[in-house]
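[1] Whatever this is, show me its structure:
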Amino acid sequence: MTTPEDRARAAATIDPRSLAEARGVVEVRCRIFLRRLELLEAGIEKVRTSGDVHRYSLALSMYLLASLPLKPEACPFCVQKGGGCRCEGCGYAETAEAVDDLAGRLHRLGTEEGGGAADPNDARERLRSSVEGSRGAAVRLLAEVAGADVAGLMEAKRGYIEAILDALPARIIGSGEVDGSLEGVREKLAGYW
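    From the prediction side, this is the model:
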């Protein structure tokens with residue numbers, strides 16, 4: 001993990017155009033996420049069986065993970081290093097790799113027959129809570145990145161990632177593998193910025 005001084009020195013090397021480009025990508029994707037989240041939320045009422053709970057929980061989780069600002073074009077450092085080249089070894093890249101692992105575990109669960117003992121009524125409430133938590137995180141991210149400096153942008157994205165991880169319906173999914181992978185993402189996130 002880097003020191004605050006290291007982060008400040010690194011942030012000072014970023015050209016304002018690279019920062020503006022990365023900030024713009026985050027803002028646009030966040031707005032798209034919010035619009036699509038409304039459509040996804042409307043589907044909660046169609047969750048009627050434990051199989052529906054399984055499928056919807058996985059779909060919501062994958063959508064939330066896809067919303068994370070972990071693409072190179074959302075990083076001012078990557079933007080500056082060649083228009084989106086992928087960093088290696090930084091906390092940003094390590095977090096992205098851990099999220100990819102989590103998404104892979106969720107995808108594998110999607111190929112299994114779901115439908116454990118989840119009560120659909122309780123699950124719908126938990127799913128609504130997941131949607132609300134992720135919506136609140138996206139609204140906060142939009143507010144925080146507007147006019148943010150490099151450190152502010154990176155810290156806002158880190159906070160968003162953490163909030164989305166909290167919003168994942170992991171308790172509904174109930175997989176030890178997913179829980180372990182989620183913990184791995186949280187460990188990598190600690191070194192994100």
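[2] Now do the contacts for the residue nearest to the spatial centre of the chain.
    Using Cα atoms, centre = their mean, the residue of the chain that lies closest to the mean C-alpha position is L68, 3.1 Å off. With contact set as Cβ atoms under 8 Å, 6 or more residues apart in numbering, L68 has these partners: V99, Y160, I161, I164. (Each C-beta comes from the backbone N, C-alpha and C, glycine too.)
[3] Which members of those are the farthest-apart pair?
    Longest distance between any two of the contacts of L68 is 12.5 Å, between V99 and Y160; criterion Cβ to Cβ.
[4] give me phi/psi at the closest residue to A10 other than its chain neighbours?
    Counting by Cβ to Cβ, 6 or more residues apart in numbering, A10 lies nearest to F77, which is 7.1 Å off, once chain neighbours are set aside. According to degrees, to the nearest 10, the main-chain angles of F77 amount to phi -70, psi -40.
[5] for this protein, which spans come out with low pLDDT?
    Applying pLDDT under 70 to the chain flags residues 1, 83-89, 111-117.
[6] Helix, strand, or coil at A151?
    Assigned state for A151: helix (three-state reduction, DSSP: H, G, I helix; E, B strand; the rest coil).
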